[in-house]
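K.L.:
Fold the following for me, if possible:
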Amino acid sequence: MPYVATLECIFRIINVTDFVLIMPALQKVVGITNRELLIKPTPHSNIPLSAIAIGSSLVKNGLDVKILDFHLHCAEDENELLAEYCRGVTHVGFSCMTNHIPHGLRLTKKVKGIYPTIKTVWGGIHPSLFPEMTIRHDAIDFVVVGEGEDPLLALMRGETHPRLFVKDSVFNTSGKNFKYGSATSLTEPNYELINLEQYFFKNRGERNLPLLSSRGCPSRCTFCVNTVLKNKWRGFSAETTCNLLDSLCQRYRPEHIYFLDENFFVDKNRAISIVKYLCNIDATWGANIRLRTFNSLSDETLMMLKKSGMKEIRAGAESGSNRILQILRKGLTVEEIRRAVEKAANFDLKLILSFMRDLPDETKEETQLTLNLVQWCGQNGVTVIGPQIFRPYPGSEEYDKLVQRGLKTPVSLEEWGMIIQNANHDSIWYFQ
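P.N.:
Here you go, the predicted structure:
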């Protein structure tokens with residue numbers, strides 16, 4: 001075994017790599033020393049679909065890509081891993097949500113310290129919302145707004161792209177001006193870019209396989225990042241999705257398939273064709289749906305969902321107040337939420353609903369309405385997520401309301417990192 005491990009290490013070192021995609025880890029407080037919080041990356045078994053999507057596109061266009069997911073390597077030496085993976089590489093990308101910032105900054109600075117000539121690229125939700133702030137950081141050379149496939153391919157070809165921010169470039173403009181959502185063809189995900197068995201092992205041996213068969217959402221809820229980034233819905237055809245599922249099932253033998261599409265049922269005909277395929281495989285599955293769409297499904301379709309092994313169906317209910325739902329442009333009423341709960345129970349389908357509270361226009365009475373609805377849903381077999389404290393995305397209507405009322409946000413990545421490290425997640429957005 002040591003000999004095999006050594007050969008694998010040598011192969012990784014001598015193999016030419018064009019681009020390394022790094023997934024920083026989320027953080028947790030593990031102690032306090034001299035009144036300072038001790039922060040440690042937290043391991044988890046979530047498969048890095050964003051890195052797989054970007055890597056698949058780059059590989060399809062002839063580039064060699066490696067993925068370094070620090071959620072799998074929390075107990076290992078960061079310097080050794082970075083030195084190994086980034087040796088001979090010209091560009092290293094970091095995918096960051098807000099909670100990734102502390103670890104992402106630390107890793108970015110370490111990469112620059114080990115290999116000063118490497119160019120660093122930041123992408124993900126947080127850099128997409130704050131591109132100008134992100135590009136100002138000394139250790140970051142490029143920032144990608146929105147989905148990364150096209151901008152990164154342009155970068156590696158030495159070309160410009162409207163969603164690629166370049167250090168010290170006079171052409172960089174506000175990310176709010178970008179109109180995102182062209183009908184760019186999607187690249188089928190190449191799961192061979194990672195060791196999927198490692199993720200199954202980390203997930204208590206459960207063979208859960210996440211899959212994106214579409215991106216974006218046609219709805220324009222006032223709080224959603226899709227609305228901010230103007231991310232339109234695009235999906236693989238039913239035939240392509242079924243062929244991909246067939247290949248993945250033969251290779252990895254998943255026990256459960258979870259479609260992470262934001263709305264799996266945007267195209268009902270496409271969805272039903274995929275469900276018919278799922279009836280013939282030995283695995284359960286789950287997906288996201290809008291409750292109004294769920295209520296519109298025929299009894300025949302719901303029976304097919306049950307037959308196909310649907311284990312869970314998720315949706316955003318958000319509020320127990322019709323007035324708030326209308327303000328959020330959810331296209332949903334409380335009555336429809338209740339109807340969906342009853343319909344799911346009639347067909348023995350597991351429904352998972354998420355709720356929010358403390359929205360900008362919400363009264364105490366409306367918060368109580370949400371809590372009452374949450375309780376009723378739980379009593380009727382629904383698994384409830386939340387109600388979670390509302391956190392607005394910059395550029396959204398709900399965010400603009402809070403800015404008008406005195407919302408203050410950090411002015412640098414370091415300030416964001418300090419907030420993540422020193423506060424619970426409910427306190428990310430604050431007033432002064």
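K.L.:
all strands for the stretch 151-300 of the chain, in order.
P.N.:
Secondary structure of the stretch 151-300 of the chain by DSSP state E, counting those that start in this stretch: the strands cover 164-166, 208-211, 214-215, 234-235, 256-259, 284-288.
K.L.:
Any chance of TSV for these, columns mean neighbour count?
P.N.:
For the C-beta atoms, the positions are set from N, CA and C on the backbone; glycine is no exception. Formatted as TSV, the strands of the stretch 151-300 of the chain follow (neighbours: other CB atoms under 10 Å):
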stretch	mean neighbour count
strand 164-166	21
strand 208-211	20
strand 214-215	21
strand 234-235	18
strand 256-259	20
strand 284-288	21
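K.L.:
want to try JSON lines for the ones you listed, with distance to residue 223 and mean pLDDT as columns?
P.N.:
Formatted as JSON lines, the entries for those read as follows, by distance: least, CB to CB, whole Å; pLDDT from 0 to 100:
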{"stretch": "strand 164-166", "distance to residue 223": "25", "mean pLDDT": "93"}
{"stretch": "strand 208-211", "distance to residue 223": "24", "mean pLDDT": "93"}
{"stretch": "strand 214-215", "distance to residue 223": "19", "mean pLDDT": "91"}
{"stretch": "strand 234-235", "distance to residue 223": "22", "mean pLDDT": "90"}
{"stretch": "strand 256-259", "distance to residue 223": "23", "mean pLDDT": "95"}
{"stretch": "strand 284-288", "distance to residue 223": "16", "mean pLDDT": "96"}
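K.L.:
so can I have TSV of those showing distance to residue 303?
P.N.:
Below are these laid out as TSV (distance: least, CB to CB, whole Å):
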stretch	distance to residue 303
strand 164-166	48
strand 208-211	24
strand 214-215	24
strand 234-235	24
strand 256-259	19
strand 284-288	16
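K.L.:
For residue 25, find the nearest of those strands.
P.N.:
Residue 25 lies closest, by CB to CB, to one member of those: strand 208-211, at 18.1 Å.
K.L.:
Can you list the helices and strands that that closest one packs against?
P.N.:
If contacts are counted by 3 or more CB pairs under 8 Å, 6 or more residues apart in numbering; DSSP states H and E, strand 208-211 sits against helix 238-252, strand 256-259.
K.L.:
Can you list the strands that the shortest one pairs with?
P.N.:
Paired strands of strand 256-259, with direction, are strand 208-211 (parallel), strand 284-288 (parallel) (DSSP bridges).
K.L.:
Which strand or helix spans the spatially most central residue of the chain?
P.N.:
Nearest residue to the geometric centre of the chain (CA atoms, centre = their mean): residue 50, 7.0 Å. For residue 50, the host element (DSSP states H and E) is helix 49-60.
K.L.:
same check, this time on residue 102
P.N.:
Per DSSP H and E: helix 101-114 holds residue 102.
K.L.:
and the gap between the nearest residue to residue 240 once chain neighbours are set aside and residue 97?
P.N.:
Computed as CB to CB, 6 or more residues apart in numbering, the closest residue to residue 240 that is not its neighbour in sequence is residue 188, at 7.1 Å. The gap separating residue 188 from residue 97 is 25 Å, by CB to CB, to the nearest Å.
K.L.:
Please work out how many residues are found near residue 348.
P.N.:
Per other CB atoms under 10 Å, the neighbour tally for residue 348 reads 9.
K.L.:
swap in the one 5 residues further on?
P.N.:
Counted with other CB under 10 Å, the burial measure for residue 353 works out to 24 neighbours.
K.L.:
Quickly list what it is bridged to.
P.N.:
Note on residue 353: beta-bridge partners residue 315, residue 384, judged by DSSP bridges.
K.L.:
For it, give me its contacts.
P.N.:
Residues in contact with residue 353 (CB atoms under 8 Å, 6 or more residues apart in numbering) are 314, 315, 316, 317, 337, 341, 377, 382, 383, 384, 385.
K.L.:
three-state assignment of the fifth one?
P.N.:
The three-state assignment at residue 337 reads helix, by DSSP: H, G, I helix; E, B strand; the rest coil.
K.L.:
Would you agree it is in contact with residue 376?
P.N.:
No - using CB atoms under 8 Å, residue 337 and residue 376 do not qualify as a contacting pair, with a distance of 9.4 Å.
K.L.:
the more surrounded of those two?
P.N.:
Neighbour totals were compared for residue 337 and residue 376, and residue 337 leads with 27 against 14 (other CB under 10 Å).
K.L.:
How many neighbouring residues does the residue nearest to that one when sequence neighbours are not counted have?
P.N.:
Using CB to CB, 6+ apart and skipping the chain neighbours, the partner closest in space to residue 337 is residue 317 (5.0 Å). If you count neighbours by other CB under 10 Å, residue 317 ends up with 30.
K.L.:
In PDB, could you pull the C-alpha coordinates for the helix or strand containing residue 317?
P.N.:
Assigning secondary structure by DSSP H and E places residue 317 in strand 310-318. Provided in PDB are the C-alpha atoms of strand 310-318 (Å, rounded to 0.1, in the frame of the first residue of the first chain):
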ATOM      1  CA  MET A 310     -39.300   9.600  -5.000                       C
ATOM      2  CA  LYS A 311     -38.200   9.800  -1.400                       C
ATOM      3  CA  GLU A 312     -38.500  13.500  -0.900                       C
ATOM      4  CA  ILE A 313     -39.700  16.700  -2.600                       C
ATOM      5  CA  ARG A 314     -38.500  20.100  -1.500                       C
ATOM      6  CA  ALA A 315     -40.000  23.500  -1.900                       C
ATOM      7  CA  GLY A 316     -39.700  27.100  -0.500                       C
ATOM      8  CA  ALA A 317     -42.900  28.100   1.300                       C
ATOM      9  CA  GLU A 318     -41.200  31.100   3.000                       C
END
